[in-house]
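> Got a sequence here, can you model it:
(4 chains, ligands or ions: 4)
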Number of protein chains: 2
Amino acid sequence: MKYSISKENYLKAIFHLQNENGVVTTNELAAALLTKPASVTDMLKKLKAQRLLIYEKYKGFKLNNEGRKVALQIIRKHRLWEYFLVEKLQFGWDEVHEMAEELEHFTHKKLIDRLDTFLNYPKSDPHGDPIPDSNGKFDQQQKQISLPHLSLHRTAKVLAISPQTKEILELLQHKNILIGTKIEVKKKFSFDDSLELKVNNRTAVTISAAVAKSILVNDDQ
Amino acid sequence: MKYSISKENYLKAIFHLQNENGVVTTNELAAALLTKPASVTDMLKKLKAQRLLIYEKYKGFKLNNEGRKVALQIIRKHRLWEYFLVEKLQFGWDEVHEMAEELEHFTHKKLIDRLDTFLNYPKSDPHGDPIPDSNGKFDQQQKQISLPHLSLHRTAKVLAISPQTKEILELLQHKNILIGTKIEVKKKFSFDDSLELKVNNRTAVTISAAVAKSILVNDDQ
DNA sequence: TATTTTTTTTAGATTTGTCTAAATTTAATT
DNA sequence: AATTAAATTTAGACAAATCTAAAAAAAATA
Ligand SMILES: [Mn+2]
Ligand SMILES: [Mn+2]
Ligand SMILES: [Mn+2]
Ligand SMILES: [Mn+2]
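Ligands and ions are numbered 1, 2, ... in the order given. Below is the predicted model:
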């Protein structure tokens, strides 16, 4: 099956919204795709007719098995291209998302599998998000906690950033906080919940509560 | 400026047809794009309105400066991706054209320039066609002659294949004739104009007149 | 030159994805 | 429960790219 770029974007967005709640609403999806609720309703009908979606009028919607399968392949492509752009073309992890938004719609499965081989089957993308294999499966993720929940003086590794706005990624890039970076919380200031960190056992860095919440580290309790 | 995939395909096809004649006709272009003359006329009006094309009703058409510039960038992308697919992802030169047809429409100029750097600024694609630089210029090509015009017992290097149908490329792949391959003509049979070759100073290979005409080698008179 | 054939353009439809404005359904509040 | 507000869907329109059938122009040929 081949689906239009627009349909693929809808499927991927539904997949991501589902992960947080269970069922997705028209307004939510319209906001995520920067489009109008009426356009979403139009598309939902088409996706349902193509048997990619479970949807009853006014009841919300979610992907069925086939829709999930398609979404996972798009996510696989997105993340493999991001990895390629960072590892091979030397882009910063904060500049690759937009390019991957375009590349993820490329259709030749064989190319994607070869790219995977060329990159040596990476397990996660430059933002720490797992890369599904060609069957749509990915490894069990390590348990993650956000930085404000990490105990003082316990060293942990950055696994992911969420949400990943261009702005946060740019800031973290500047402070040398990357996926895989070792972080220890040295001090919590209750005044504004800002944190002072040791990054890679070296520099002392201060970050706001908002930034701290977006940094996910491993929870090795 | 950003142009639709469809418009880009029109511009590229016009560019290639121009190189043979000077002015392009509606039927020619329709045939090249596997579409109908009426559709071509529709698009010509749009391209003219966007100032990419010189076109008067019933008079044929050709690219103007701006159109040529756009076409050359698409060709640059096409050929760089082909090079990438062959050199890095280990595809055969006979399988990459279709994939490049899709990849050539990706828009981020910075990505293409980084890809160029990553590939070490290749001068020509896997089929021997020159790759324009980021300003749309390419090197002066070596003088080319087709194999039937090469003198007996003179060794020459394969520079290009033209035309490049999937079928010819597959056949040449099978006979180990690639860009850069050294060829010597051992014998010409006047009965059917078939040739017996020495390929890379080793095997004796026989090819038909039709195949020979499509192989272009350097003319070192 | 007159007639026929070929090429090109126009007219009118269709599909896909989008939009605004209005109608309908569901949810929240008095 | 009645009313108001919010969410969702429908109706009708539009732009892009395509098509078929018919008309118009150019080229070929008798
Ligand atoms: Mn991304
Ligand atoms: Mn990512
Ligand atoms: Mn090609
Ligand atoms: Mn090529």
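
> Mind jotting down where the helices sit in chain A?
A:5-20, A:26-32, A:37-49, A:65-87, A:97-103, A:109-118, A:166-174, A:209-214 (DSSP state H).

> For ligand 1, what is the nearest residue in chain A?
The minimum distance from chain A to ligand 1, using C-beta to the ion, falls at A:His97 (3.6 Å). For every residue, glycine as well, the C-beta is placed using N, CA and C.

> Could you report the neighbour count for that residue?
18 (other C-beta atoms under 10 Å in any protein chain shown).

> and what of A:Ser134?
Number of residues near A:Ser134 (other C-beta under 10 Å) recorded here: 12.

> ok, and the closest non-adjacent residue to it?
A:Asp113 (5.6 Å; C-beta to C-beta, 6 or more residues apart in numbering or on different chains).

> Am I right that the one you found is in contact with A:Asp133?
No - using C-beta atoms under 8 Å, A:Asp113 makes no contact with A:Asp133, being 9.6 Å away.

> who's in contact with the most centrally placed residue in chain A?
The residue lying closest to the centre of chain A (C-alpha atoms, centre = their mean) is A:Asp129, at 5.5 Å. A:Asp129 makes contacts with A:79, A:160, as judged by C-beta atoms under 8 Å, 6 or more residues apart in numbering or on different chains.

> for A:Ala160, same thing?
Contact analysis of A:Ala160 by C-beta under 8 Å, 6+ apart lists A:127-129, A:144, A:179, A:216.

> now do A:Lys157
Contacts for A:Lys157 (C-beta under 8 Å, 6+ apart) come out as A:180-183, A:217-218.

> and what of A:Leu159?
Contacts of A:Leu159 (C-beta under 8 Å, 6+ apart): A:128, A:141-142, A:144, A:179, A:216-218.

> Check the contacts of A:Lys157 and tell me the two furthest apart.
Pairwise distances across the contacts of A:Lys157 (C-beta to C-beta) peak at 11.8 Å, for the pair A:Thr181 and A:Asn218.

> Quick check: the spatially most distant residue from the centre of chain A vs A:Ala209, distance?
The outermost residue of chain A, judged against the average C-alpha position, is A:Phe191 (31.3 Å), by C-alpha atoms, centre = their mean. Going from A:Phe191 to A:Ala209 by C-beta to C-beta, to the nearest Å gives 10 Å.

> do the same with A:Leu11
In terms of C-beta to C-beta, A:Leu11 sits 34 Å off from A:Ala209.

> neighbour count winner among the two?
Set side by side, A:Leu11 and A:Ala209 show more neighbours around A:Leu11, with 26 against 14, by other C-beta under 10 Å.

> Lowest pLDDT pick from the contacts of A:Leu159?
Within the set of the contacts of A:Leu159, pLDDT is lowest for A:Gln141 (69).

> Return the residues in contact with the residue of chain A with the smallest separation from ligand 4.
Among the residues of chain A, A:Leu111 lies closest to ligand 4, at 15.9 Å counting by C-beta to the ion. Contacts of A:Leu111 were listed using C-beta under 8 Å, 6+ apart, and they are B:85, B:89, B:91, B:99.

> Out of these, which is nearest to B:Arg202?
Checking the contacts of A:Leu111 against B:Arg202 by C-beta to C-beta gives B:Phe91 as the nearest, at 24.5 Å.

> So which residues make contact with stretch A:8-25?
With C-beta under 8 Å, 6+ apart, stretch A:8-25 has contacts from A:3, A:28-29, A:32-33, A:40, A:43, A:47, A:52-53, A:59-63, A:67-68, A:70-72, A:74-75, A:78, A:104-105.

> ok, and of the residues you listed, which contact DNA strand C?
Counting by C-beta under 7 Å from any atom of the strand, A:Met43 from the contacts of stretch A:8-25 sit close to DNA strand C.

> Turn the buried ones among the contacts of stretch A:8-25 into a named PyMOL selection, would you?
Listed next is the PyMOL selection for buried residues among the contacts of stretch A:8-25, using 16 or more other C-beta atoms under 10 Å in any protein chain shown:
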select buried, chain A and resi 3+28+29+32+33+40+43+47+52+53+61+62+63+67+68+70+71+72+74+75+78+104+105
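
> ok so, going back, show the buried residues in the contacts of A:Ala160.
A:127-129, A:144, A:179, A:216.
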